[in-house]
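Trainee: okay, predicted coordinates and the sequence, questions at the end:
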Amino acid sequence: MSLGALCAVLLAAGCGSPAGRARPAAGEPRPAASRPAASRPGVWLSGLQMTSAKTGWALRWTVNPSSTQAGYLVPARTTDGARTWTDIAPRAAIALLKTPEASVVLDALSSGRAYLAVTAATTQDSPPLPTVVFGTANGGRTWAESAPFRAAAPASLLSFAGPDDGWLLASNGGSMGQDPAWLYRTTDAGMRWSPVAQAPPPGTGGSGLPLDCDKTGLTFATGQVGWLASSCTGASQDVLLMTRDGGARWAPQPLPISVQCQSGCQAYNPPQFFGRTGFVVIGDGPGAPHLLVTQDLGQTWEPEPLPAGARWYPRLTFFGSLDGVLVPAGAQGAVGGPFDTTENGGTTWTAVTQGRSFTAIGTEFDFVSPVTGFAWVLGSDSTSGPPAMDETTNSGHTWTSFTPVLARG
């Protein structure tokens, strides 16, 4: 057969041209059309708490927080390294979460256990405000609900020392250097809450909670021993407060450094504890910032040198009494220099050259080990669409970028 004849046969059969492919005869079933996979909604995060390289918890906005739609915060959970998120809000919490200006706080203790505090607050409400705490021990499949209680302000900080002992700090946030606060406690896994301290105190005496300084972090190492981290604008020793009676009385933590607060000082997050060993970074005074380490549950603290590249606002995370990672930050939180890791409790540090710089305002970091960590941007700081996340498995030497999405309903 000649080449021309062969081409004629192929064209007659409809080969080589999509428009000329054979069509099914009348009455014959037509093949199903190929449809692209439905795209899944992106995720705008307000808070991230990864508990392992795969499992984590978050508070996410139900809509783009920059849009005009009415959205609200809900708890979500991932089991594939933050790529896919599933909403796990308890049904009883939905009405509270939808309340305009509701306050939502999440405290993840492990891959399966977490607590969620919700204060229903509207612009018309005045204290006391309805507050409920929910707890789960199975990754959000089921939740236990506390007895509702009336808080004097919206829930702002939540800390549990194990499954039973918990504390909730209610505060309107600092203003003009003052931050009134009310502390509530539970000893039955969040089922019932009772007031334990407040600032300013009613009547005479008091709990030692100061009216000044913004209360920024709360942690308890045991059912009796805890710390409150603050940011202060004037001369104050209240940058780090300590309690040894479950939160009823507080006093400034004695420190081996001078905290001058000439232009503002703060404790960068409350201390991290592993048994009796704890770490905290204080950000003011000569030679600041300072890494302080305790081996006796906060009775005494000793300074350890930070690496030269720690800069002004170091973000330091420990994973035990020895291993830690430090993310340096400069003006407006920009991160571009080497990260540092330690294997001996901060005595010495090893610099890790970074594979990229993070210049977006609001970039946060959540490391789950000295090598594995996540970088993410607050949803409220992203106006162009769902913000991407980045993951590293080598302390930041290289990063993998992805956009988290919601799981299919």
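Mentor: The structure has been received and is ready for your questions.
Trainee: helices of this protein, residue ranges please.
Mentor: 3-12, 94-97 (DSSP state H).
Trainee: pick out the shakiest of those helices, pLDDT-wise.
Mentor: Among the helices of the chain, helix 3-12 carries the lowest mean pLDDT, a mean of 39.
Trainee: so how far is the strand of greatest length in the chain from its chain's centroid?
Mentor: Criterion DSSP state E: the longest strand present in the chain is strand 265-274. Strand 265-274 sits 15 Å away from the centroid of its parent chain (C-alpha atoms, centre = their mean, to the nearest Å).
Trainee: mind exporting that strand as PDB, just the C-alpha atoms?
Mentor: Presented in PDB, the C-alpha positions along strand 265-274 are these (Å, rounded to 0.1, in the frame of the first residue of the first chain):
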ATOM      1  CA  CYS A 265      11.000  44.300  78.300                       C
ATOM      2  CA  GLN A 266       9.400  40.900  78.000                       C
ATOM      3  CA  ALA A 267       9.700  37.200  78.600                       C
ATOM      4  CA  TYR A 268       9.700  35.600  75.100                       C
ATOM      5  CA  ASN A 269       6.900  33.000  75.900                       C
ATOM      6  CA  PRO A 270       6.600  31.300  79.200                       C
ATOM      7  CA  PRO A 271       9.300  28.800  80.300                       C
ATOM      8  CA  GLN A 272       9.400  25.400  78.800                       C
ATOM      9  CA  PHE A 273       9.800  22.500  81.300                       C
ATOM     10  CA  PHE A 274      11.000  19.000  81.000                       C
END
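Trainee: for the stretch 251-400 of the chain, what are the low-confidence residue spans?
Mentor: For the stretch 251-400 of the chain, residues meeting the criterion pLDDT under 70 lie at 259-264, 284-287, 331-333.
Trainee: hmm, 80 instead?
Mentor: 258-265, 283-288, 309, 311-313, 330-334, 336, 359-362, 382-384 (pLDDT under 80).
Trainee: now do the strands in it.
Mentor: 251-252, 265-274, 277-282, 290-294, 302-304, 315-318, 324-327, 339-342, 350-352, 363-367, 373-377, 389-392, 400-402 (DSSP state E, counting those that start in this stretch).
Trainee: what is the end-to-end distance of stretch 338-351?
Mentor: Stretch 338-351 has its terminal residues 6 Å apart, counting by C-alpha to C-alpha, to the nearest Å.
Trainee: how about that stretch: buried residues?
Mentor: Buried residues in stretch 338-351, defined by neighbour count with 16 or more other C-beta atoms under 10 Å: Pro338, Phe339, Asp340, Thr341, Thr342, Gly345, Gly346, Trp349, Ala351. In this view, the C-beta of every residue, glycine as well, is placed from N, C-alpha and C.
Trainee: try stretch 73-91
Mentor: Going by 16+ other C-beta under 10 Å, stretch 73-91 has these buried residues: 73-79, 81-85, 88-90.
Trainee: now, among the buried residues of stretch 338-351, which is nearest to Asp381?
Mentor: Using C-beta to C-beta, Phe339 is the member of those that lies nearest Asp381, at 21.7 Å.
Trainee: quick one, what contacts the closest one?
Mentor: Under the criterion of C-beta atoms under 8 Å, 6 or more residues apart in numbering, the neighbours of Phe339 are Val325, Leu326, Val327, Pro328, Ala351, Val352, Gln354, Ser395, Gly396.
Trainee: mark which of those are buried, thanks.
Mentor: Buried among these by 16+ other C-beta under 10 Å: Val325, Leu326, Val327, Pro328, Ala351, Val352, Gln354, Ser395, Gly396.
Trainee: so what's the third one bridging to?
Mentor: Assessed by DSSP bridges, Val327 has beta-bridge partners Arg315.
Trainee: just the fifth one next, same as before
Mentor: Each beta-bridge partner of Ala351 is listed here: Asp340, as defined by DSSP bridges.
Trainee: isn't it up against Asp340?
Mentor: Yes - judged on C-beta atoms under 8 Å, Ala351 makes contact with Asp340 at a distance of 5.5 Å.
Trainee: between these two, what contacts are shared?
Mentor: Pro307, Gly309.
Trainee: next, format the buried residues of stretch 338-351 as CSV and append distance to Ala152.
Mentor: Shown next, in CSV, are the buried residues of stretch 338-351 (distance: C-beta to C-beta, whole Å):
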residue, distance to Ala152
Pro338, 45
Phe339, 41
Asp340, 42
Thr341, 43
Thr342, 41
Gly345, 40
Gly346, 39
Trp349, 43
Ala351, 47
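Trainee: can you put the buried ones among the contacts of Phe339 in TSV and add distance to Ala388?
Mentor: TSV is the format used below for these (distance: C-beta to C-beta, whole Å):
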residue	distance to Ala388
Val325	21
Leu326	24
Val327	18
Pro328	22
Ala351	26
Val352	22
Gln354	17
Ser395	20
Gly396	16
